[in-house]
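Colleague: sharing a model prediction with you, sequence too.
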Amino acid sequence: MTERCKTCRWWDREGRLDTNGRCRRHAPLAAADGYSRSAEWLVTAATDWCGEWQPVPATEARG
(Lines give C-alpha, C1' and ligand atoms only; values in the text may rest on other atoms or scores of the structure.)
Protein backbone atom coordinates (compact mmCIF):
# COMPACT_ATOMS: atom_id res chain seq x y z
CA MET A 1 0.00 0.00 0.00
CA THR A 2 1.30 3.43 -0.93
CA GLU A 3 1.75 5.79 2.00
CA ARG A 4 -0.16 8.80 0.70
CA CYS A 5 -2.91 10.97 2.16
CA LYS A 6 -5.51 9.17 0.06
CA THR A 7 -4.82 5.89 1.90
CA CYS A 8 -4.32 7.36 5.39
CA ARG A 9 -6.75 6.81 8.25
CA TRP A 10 -6.67 10.52 9.15
CA TRP A 11 -7.64 11.83 5.70
CA ASP A 12 -11.19 12.71 4.58
CA ARG A 13 -11.71 13.48 0.91
CA GLU A 14 -13.61 16.56 -0.19
CA GLY A 15 -16.26 16.25 -2.84
CA ARG A 16 -16.68 13.44 -5.32
CA LEU A 17 -13.10 13.35 -6.55
CA ASP A 18 -10.22 11.94 -4.54
CA THR A 19 -7.91 14.82 -5.45
CA ASN A 20 -8.14 16.90 -2.24
CA GLY A 21 -9.14 16.28 1.33
CA ARG A 22 -8.66 17.34 4.91
CA CYS A 23 -6.09 15.88 7.26
CA ARG A 24 -7.56 15.21 10.69
CA ARG A 25 -4.38 13.91 12.31
CA HIS A 26 -3.98 17.07 14.40
CA ALA A 27 -6.35 19.73 15.71
CA PRO A 28 -7.74 22.27 13.23
CA LEU A 29 -5.62 25.32 12.52
CA ALA A 30 -6.81 28.78 13.54
CA ALA A 31 -7.85 30.99 10.65
CA ALA A 32 -8.89 34.63 10.65
CA ASP A 33 -10.01 36.68 7.66
CA GLY A 34 -10.35 40.03 9.39
CA TYR A 35 -14.08 39.65 10.00
CA SER A 36 -14.46 36.32 11.73
CA ARG A 37 -12.44 33.66 13.45
CA SER A 38 -12.61 29.98 12.73
CA ALA A 39 -10.59 26.80 12.76
CA GLU A 40 -10.01 24.63 9.72
CA TRP A 41 -8.49 21.23 9.05
CA LEU A 42 -5.41 21.25 6.85
CA VAL A 43 -6.25 20.73 3.16
CA THR A 44 -3.95 18.29 1.38
CA ALA A 45 -3.73 16.65 -2.02
CA ALA A 46 -4.48 12.93 -2.21
CA THR A 47 -0.89 12.34 -3.33
CA ASP A 48 0.72 14.24 -0.42
CA TRP A 49 2.60 12.49 2.38
CA CYS A 50 3.66 13.80 5.80
CA GLY A 51 5.40 11.00 7.67
CA GLU A 52 2.53 10.30 10.08
CA TRP A 53 0.63 8.03 7.70
CA GLN A 54 -1.37 5.18 9.23
CA PRO A 55 -3.45 2.61 7.37
CA VAL A 56 -7.22 2.72 7.62
CA PRO A 57 -8.24 -0.01 10.13
CA ALA A 58 -10.52 -2.70 8.71
CA THR A 59 -13.28 -1.56 11.10
CA GLU A 60 -13.16 1.93 9.50
CA ALA A 61 -12.91 0.78 5.88
CA ARG A 62 -14.06 3.40 3.41
CA GLY A 63 -16.58 2.53 0.76
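Modeller: Ah, there it is.
Colleague: quick one, strands of the protein?
Modeller: Using DSSP state E, the strands of the chain run over 11-13, 20-23, 29-32, 37-40, 42-45.
Colleague: residues of the shortest one that come out buried?
Modeller: What it means is strand 11-13. Of all the residues in strand 11-13, those buried under the rule 16 or more other C-beta atoms under 10 Å are Trp11. Bear in mind the C-beta positions are built from the backbone N, C-alpha and C, glycine included.
Colleague: who does the residue nearest the centre of the chain form a beta bridge with?
Modeller: For the chain, the residue sitting closest to the mean C-alpha position, by C-alpha atoms, centre = their mean, is Cys23 at 2.2 Å. Beta-bridge partners for Cys23, by DSSP bridges, are Trp11, Leu42.
Colleague: correct me if wrong: it contacts Trp11.
Modeller: Yes. Applying C-beta atoms under 8 Å as the test, Cys23 and Trp11 come out as touching, 5.7 Å apart.
Colleague: and for these two, which residues touch both?
Modeller: Common contact partners of Cys23 and Trp11 (C-beta atoms under 8 Å, 6 or more residues apart in numbering): 5, 44.
Colleague: enumerate every residue touching the residue nearest to the centre of the chain.
Modeller: 5, 8, 10-11, 41-44, 50.
Colleague: again, but for Glu14
Modeller: 20-22, 43.
Colleague: list the pairing partners of the lowest-mean-pLDDT helix or strand in the chain within its sheet, with orientation.
Modeller: Ranked by mean pLDDT, DSSP states H and E, the helix or strand of the chain with the weakest confidence is strand 29-32, at a mean of 84. When pairing is defined by DSSP bridges, strand 29-32 lines up against strand 37-40 (antiparallel).
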